[in-house]
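Participant: This is a predicted model, with the sequence first.
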Amino acid sequence: MPVAYNIHPAFTVDDETLLETDLTACHLLVLVGNGTFSYVVYEPVAKKFLALKSYHFQPQKIALADLEMIEEVFEIDKLLFTAFRSVLLAFDTGSGVLVPQQYFNNSLKKDYLHLVQPEKVQEAILTDQVNGQPFVNVYSLDKDLVGFLRKEFSSDLVIHASSALLMAYPLDLDFHYAKGIVFVEVQRNAVSITIYKGGLLQIHQEAEYQSGLDVVYAVVSTLRLLGLDEKEVKVKLSGALVKDNAVYQEMYKFIPNLEWAQRLPGFSYISKMQEIPGYYFHNLYALALCV
């Protein structure tokens, strides 16, 4: 039975700058999540974001339904057919594993991944070399969804959203915080936790959650496992959150040094984008570090 959708963007941000710019010199940065499809138009010379659009939809759990929804987005959003300089396809779905570069063997990527998660039907196993980091990100995506987007955009540029975030975190002004720093990226029903101490990555992991307390437990238990104190580290929160969100409210109770993630430094944003908190689309903006 076909799935019916009421397709409309949850966020649309642009201004006259978009019409005045040669889009063939711009990059289109696309981010696909569970039940979301978002993109920004990025002008690399000025390092400026010119437009943002984000679609949210139901259902969220069946890859086929996600694919059907995205097909409908292509029917209504003609900007996607612009001849951009490049199109980067990023996915914030599923989890992966970081393999130290010195031990990485591409022929073994399937084995690395399936040590930490079960094999999935119709999976495409991909890898990212994270610039400036001594590891390779190995992850799986839905083969049909990746194939459709590659064909529609005529692009082979594919990355996992976590790889972009791992490039963005060292740019945070508190990255070398003496007691340790934790980056918590929250999306629909899933959270990624990345912990650094002394500028060195201690752990990067993803987990599903159903309540704000689930996120608190995941953060606190991981910190204690590493010998760090949740009352001393600094925690940076990002994702589609507001202050009355359950995740924020619960973390605020237990984490004294809780802050919103900073907007990525070194980039420009149109004025309407600056009205949206920078942490809200932190993972989407981070894709600009990959082009």
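Facilitator: The structure has been received and is ready for your questions.
Participant: Any regions of the chain where pLDDT drops low?
Facilitator: Within the chain, the stretches with pLDDT under 70 are 1-8, 58-65.
Participant: per-domain residue ranges of it.
Facilitator: 1-172+262-291, 173-260 (automatic domain parsing).
Participant: Redo these as JSON lines? Include mean neighbour count.
Facilitator: Just so you know, the C-beta spots here come from the backbone N, C-alpha and C atoms, and that holds for glycine as well. Rendered in JSON lines, the data for the domains of the chain read as follows (neighbours: other CB atoms under 10 Å):
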{"stretch": "domain 1-172+262-291", "mean neighbour count": "17"}
{"stretch": "domain 173-260", "mean neighbour count": "17"}
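Participant: element containing the spatially closest residue to Val146 that is not a sequence neighbour?
Facilitator: The shortest distance from Val146 to any residue other than its chain neighbours is 5.3 Å, reached at Ala124 (CB to CB, 6 or more residues apart in numbering). According to DSSP states H and E, Ala124 maps onto strand 123-129.
Participant: helix or strand right after that strand?
Facilitator: strand 135-142.
Participant: Partner strands of that next one, with direction?
Facilitator: strand 96-100 (antiparallel), strand 123-129 (antiparallel) (DSSP bridges).
Participant: Would you mind measuring from Leu113 to Glu119?
Facilitator: For Leu113, the distance to Glu119 equals 8 Å [CB to CB, to the nearest Å].
Participant: cool, and Asp156?
Facilitator: Counting by CB to CB, the separation of Asp156 from Glu119 is 24 Å.
Participant: Please list all residues in contact with Pro288.
Facilitator: If you look again at residue 288, you'll see it is Ala, not Pro. For Ala288, the contacting residues are His27, Leu29, Val40, Tyr42, Pro44, Lys47, Phe49, Leu264, Phe267, taking CB atoms under 8 Å, 6 or more residues apart in numbering as the criterion.
Participant: Between these, which sits nearest Ala240?
Facilitator: Checking the contacts of Ala288 against Ala240 by CB to CB gives Val40 as the nearest, at 14.9 Å.
Participant: The closest one should be in a helix, yeah?
Facilitator: No. Counting by DSSP: H, G, I helix; E, B strand; the rest coil, Val40 falls outside a helix, being strand.
Participant: If it is in a bridge, with which residues?
Facilitator: When bridges are taken as DSSP bridges, the partners of Val40 come out as Leu29, Leu52.
Participant: Hmm, it is touching Tyr285, no?
Facilitator: Yes. Judged on CB atoms under 8 Å, Val40 makes contact with Tyr285 at a distance of 6.9 Å.
Participant: hey, what's in contact with both of these two?
Facilitator: When contacts are counted by CB under 8 Å, 6+ apart, Val40 and Tyr285 have Phe49 as shared neighbours.
Participant: For the spatially closest residue to His204 that is not a sequence neighbour, which residues are in contact?
Facilitator: Here the nearest residue to His204 in space, its sequence neighbours aside, is Thr194; by CB to CB, 6+ apart that works out to 4.6 Å. Residues near Thr194 by CB under 8 Å, 6+ apart: Leu165, Leu166, Tyr169, Val182, Phe183, Val184, Glu185, Leu201, Ile203, His204.
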